[in-house]
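Student: Using only what follows, build the 3D model:
(one chain, ligands or ions: 2)
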Amino acid sequence: MDSKYAALGAQKQHKNFNNVKVKRMKLSDDNTEVIKTNGHVIQLNQQKKNNLDVAENVQENRKLLPVYAVKGRLLEEIRKHNTMILIGETGSGKTTQIPQLIHEQRLEGLGMIAVTQPRRVAAITLALRVAAEMNTEIGNIVGYSVRFEDVTSPKTKVKYLTDGMLLREAVADPLLKKYSVIILDEAHERTVNTDVLFGIVKLAQKERNSHKLNTLKVIIMSATMDVDTFSKYYDNCPVIYLEGRTYPVTIYHSKMKHEDYQYAALCAIFQLHVTTPANQDFLVFLTGQEEIETVMSNIKQIAKETPGPPIRVCPLYAGLPPAKQLQVWAKAPPGTRKIVLATNIAEASVTIPQIKCVIDTGVVKERTWCTATGAERLAVRACSQAAGWQRAGRAGRTQPGAAYRLYTAAEFAARAPHHTPEIIRCPLSSTLLMLIASGMDPWYFPFIDPPPKDSIQASLTLLKELGAIDNETNPKLTVLGKKMTAFPIDPKYSKVLLNAPDYNCLEEALSLVAVLSSENVFYTPLHKRDEAYKMKQKFESPLGDHITLLNVFKAFCKATMKKQWCKENYLNHKNLSYAVEIRQQLFAVCQRLNMTVTSCGTALDQLLKCLLSGLFTNCAWSRGGPGAGAARYATGGAAGARAASLHPSSVLVRRPPPALLYGELMLSRRAYLRTVSAIEPHWLQQVAPDYARRCRAAR
Ligand code: ADP
Ligand code: MG
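Tutor: Ligands and ions are numbered 1, 2, ... in the order given. As a prediction, the model looks like this:
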């Protein structure tokens with residue numbers, strides 16, 4: 001395999017993944033496991049671990065994990081300290097075992113154990129795994145809660161949930177009283193929600209202490225993180241290092257730089273495919289749904305002309321409905337190779353058994369935010385070294401594995417060790433709304449890494465202009481703001497829904513927001529682009545992409561044989577079905593808020609005005625006259641502008657309007673506006689007078 005891969009330019013770099021991954025965590029010489037608590041070291045004999053490969057049932061298997069082996073000592077530490085940081089290699093059993101060990105000892109008392117995950121798919125699969133290990137139905141003792149899905153019951157004691165869900169719970173109860181143990185997992189990912197939770201749990205602990213309420217234990221967990229910052233933040237709490245050998249992962253780097261990582265990934269996939277046994281599955285890291293779909297269709301094409309075992313390709317990205325995501329965990333038939341094409345959602349926490357080869361393109365699509373223009377950007381960037389190690393780690397979960405990096409060792413060395421915490425680079429309006437709803441003042445909140453002041457200011461200004469808060473210096477929720485927190489979506493879109501009754505269009509707004517909350521509904525296979533394009537024309541509206549999406553959604557709801565209908569119309573059945581589910585959930589919230597659901601019928605400009613009343617910061621004006629240059633726009637208004645073009649997939653590309661609103665500003669090689677609709681320039685003054693005034697003042 002080495003020589004074949006070398007043809008692509010690979011270079012064998014490290015013999016053993018474990019020894020290079022976290023330098024300070026060396027295994028002791030005699031190969032025993034070590035647990036180190038603030039300098040105090042306990043050693044354990046690891047003979048048992050040699051049996052890992054032969055263990056068959058899940059309950060036996062767990063007993064062989066490093067965490068399980070040191071459980072007595074670990075539980076003692078957990079009993080002793082109310083806050084601790086726990087560092088252990090990926091695969092050592094932190095996420096699946098520690099909550100179980102705590103529960104076995106009933107350390108949670110009458111409360112619950114929460115384990116947060118940055119990603120939905122991780123929360124779900126971990127809960128399923130732990131329920132299986134505990135031999136219980138999911139939703140019983142072990143449950144999970146993710147956006148649009150709550151699988152828990154009054155019996156639930158161990159609850160896996162996304163960090164976003166715990167943050168939402170903090171709105172109803174900032175002291176999080178129903179939990180006696182909160183584990184904030186994958187702390188190194190530094191998602192904005194986890195970052196805020198660091199502060200929420202710290203404050204909740206203090207408050208509960210001073211009011212003599214039940215004690216809250218907090219465990220911050222990760223494989224790699226900046227422990228000093230964290231320990232200091234939590235009043236010098238103890239840091240516990242857990243050492244344990246997972247399976248070795250051999251790392252290969254590309255010998256030369258690749259201009260086109262998609263092409264390089266395809267080369268690597270097929271070189272490995274023809275040289276490795278079929279029971280070794282591959283995991284390929286890509287950046288997003290469209291790219292995954294393109295590569296998936298390429299693989300299917302190439303596979304027809306290539307020798308080797310049959311292939312099953314499984315996509316895995318955030319927008320995929322949960323049930324579809326779980327198919328990644330289904331075993332491929334014997335003799336078939338599974339190739340999982342995933343975004344960075346498969347980077348941490350998850351275990352996909354049978355993955356033997358990881359192919360790492362080394363890139364990630366990252367959301368950034370320009371506080372000056374208020375525009376969100378989605379850009380493809382090189383990922384951090386920590387992400388590289390996490391990705392490689394996915395190959396060594398249930399057997400030894402290999403990671404093929406499609407970038408050179410020098411490129412890797414030049415990368416940042418960790419990525420910038422999301423809170424520094426993302427829009428904060430959603431998060432700040434939650435914080436304010438929990439009764440906190442964003443200006444005085446104890447962030448572990450405070451976001452830039454102008455970012456807080458810009459987000460508060462937006463919330464003020466949306467009508468969610470009363471002022472920006474000492475913000476309090478308005479009645480409207482309180483209602484906005486009831487929807488599990490971006491405040492801009494909850495504003496759209498809450499305004500919809502005034503525009504007589506809640507019926508349509510619900511459908512539209514639901515489709516926008518799902519993923520791309522159009523299915524455009526490369527080799528059938530023209531047919532797909534022709535079908536899309538059936539739904540096209542001259543008003544733009546939003547109404548086109550609404551037409552698709554309405555037609556889908558009417559269709560009887562939905563799967564067949566989607567196939568004929570080149571539409572994505574799973575994403576449309578997911579949109580229907582989301583609509584039901586949003587509708588339920590509207591009912592709780594006593595909102596009147598009426599339809600605007602054919603008066604679709606009402607719907608567009610309503611959309612603009614939430615998305616007023618997303619306007620763009622044409623820069624060119626009629627003709628070829630007319631698809632060039634200038635975005636923003638209140639604080640500067642940037643040039644961007646209509647995305648080629650937009651229905652407005654052929655007749656670009658003078659003014660439009662866009663769903664997304666995407667930066668790849670060029671700046672593109674995606675999901676756009678034509679608007680009348682004077683609407684802005686009507687629907688968002690404060691913002692329009694600010695725009696005029698800035699000009
Ligand atoms: P950590 O959080 O320390 O990275 P986990 O607790 O997630 O580790 O997993 C520990 C080990 O348990 C994995 O390396 C794997 O061997 C096993 N495991 C966990 N989840 C699954 C699963 N869904 N299927 C098979 N094995 C699993
Ligand atoms: Mg984990």
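Student: From now on I want contacts and neighbour counts done on CA atoms only, so please keep to that.
Tutor: Will do.
Student: Run through the residues that contact the residue nearest the centre of the chain.
Tutor: The chain has Arg119 as the residue nearest its centroid, 4.9 Å off, counting by Cα atoms, centre = their mean. For Arg119, the contact set (Cα atoms under 8 Å, 6 or more residues apart in numbering) comprises 162-163, 345.
Student: what's the nearest residue to the closest residue to ligand 1 within the stretch 101-250 of the chain if we skip its chain neighbours?
Tutor: Nearest residue of the stretch 101-250 of the chain to ligand 1, counting by Cα to the nearest ligand atom: Arg129, 5.1 Å away. Computed as Cα to Cα, 6 or more residues apart in numbering, the closest residue to Arg129 that is not its neighbour in sequence is Thr96, at 7.6 Å.
Student: Check which residues of the one helix or strand the one you found maps to are buried.
Tutor: Per DSSP states H and E: Thr96 is located in helix 94-104. Buried residues in helix 94-104, counted by 16 or more other Cα atoms under 10 Å: 94-103.
Student: I figured the residue nearest to Arg129 hits Val130, correct?
Tutor: Yes - using Cα atoms under 8 Å, Thr96 is in contact with Val130, at 6.0 Å.
Student: how many neighbours does the residue of the stretch 301-450 of the chain found nearest ligand 1 have?
Tutor: Ligand 1 sits closest to Arg397 of the stretch 301-450 of the chain, with a gap of 3.9 Å, by Cα to the nearest ligand atom. Around Arg397 there are 22 other residues, counting by other Cα atoms under 10 Å.
Student: Apart from its chain neighbours, what residue comes closest to it?
Tutor: Once flanking residues are discounted, Arg397 sits nearest to Gly91: 5.8 Å by Cα to Cα, 6+ apart.
Student: can you pull the pLDDT of the one you found?
Tutor: Here, the pLDDT recorded for Gly91 equals 83.
Student: quick check, it in a strand?
Tutor: No - under DSSP: H, G, I helix; E, B strand; the rest coil, Gly91 falls outside any strand and is assigned coil.
Student: Helix, strand, or coil at the residue in the stretch 201-350 of the chain positioned nearest to ligand 2?
Tutor: When scored by Cα to the ion, the stretch 201-350 of the chain has Ser349 as its residue closest to ligand 2, at 4.2 Å. Following three-state DSSP, we place Ser349 in the coil state.
Student: element containing the residue lying closest to it once chain neighbours are set aside?
Tutor: Distances taken as Cα to Cα, 6+ apart put Ala122 closest to Ser349, at 6.0 Å, once the chain neighbours are dropped. Ala122 belongs to helix 120-133 when assigned by DSSP H and E.
Student: Now do that helix: which elements does it pack against?
Tutor: helix 58-62, helix 94-104, strand 142-146, strand 158-162 (3 or more Cα pairs under 8 Å, 6 or more residues apart in numbering; DSSP states H and E).
Student: Give me the residues contacting the second one.
Tutor: The contact list for helix 94-104, computed with Cα under 8 Å, 6+ apart, reads 62, 67-68, 71, 75, 88, 108, 113, 115, 126, 129-130, 157-158, 185, 221, 349.
Student: For stretch 544-556, what does the pLDDT average out to?
Tutor: 98.
Student: Looks to me like Ile339 is in a helix.
Tutor: No - Ile339 is assigned strand when assessed by three-state DSSP, not a helix.
Student: what does the chain have sitting close to ligand 1?
Tutor: Residues of the chain lying close to ligand 1 by Cα under 6 Å from any ligand atom are 89-97, 129, 349, 351, 353, 397-398.
Student: how about the strands in the stretch 501-650 of the chain?
Tutor: Applying DSSP state E, counting those that start in this stretch to the stretch 501-650 of the chain gives strands spanning 619-622, 632-635, 643-646.
Student: So which elements touch the first one?
Tutor: With contacts defined as 3+ Cα pairs under 8 Å, 6+ apart, strand 619-622 has these neighbours: strand 632-635, strand 659-667.
Student: so how far is the helix or strand that the last one is followed by off the chain centroid?
Tutor: Okay, so that is strand 659-667. Reading on from strand 659-667 to the C-terminus, the next helix or strand found by DSSP H and E is strand 671-678. Relative to the centre of its chain, strand 671-678 is centred 23 Å away, using Cα atoms, centre = their mean, to the nearest Å.
Student: and for the following helix or strand past strand 671-678, what are the contacting residues?
Tutor: As assigned by DSSP H and E, the chain's next helix or strand after strand 671-678 is helix 683-687. Contacts of helix 683-687 with the rest of the structure, by Cα under 8 Å, 6+ apart, involve 609-610, 612-613, 616, 692-693.
Student: Of those, keep whichever come out buried.
Tutor: Buried among the contacts of helix 683-687 by 16+ other Cα under 10 Å: 609-610, 612-613, 616, 692.
Student: of all those, which comes closest to Ile582?
Tutor: Cys610 (19.7 Å; Cα to Cα).
Student: I'd assumed Asn504 was in contact with that closest one.
Tutor: No - counting by Cα under 8 Å, Asn504 is not a contact partner of Cys610; they are 9.2 Å apart.
Student: Quick check: Ser438 touching Ala170?
Tutor: Yes - Ser438 is within contact range of Ala170, at 6.2 Å (criterion: Cα under 8 Å).
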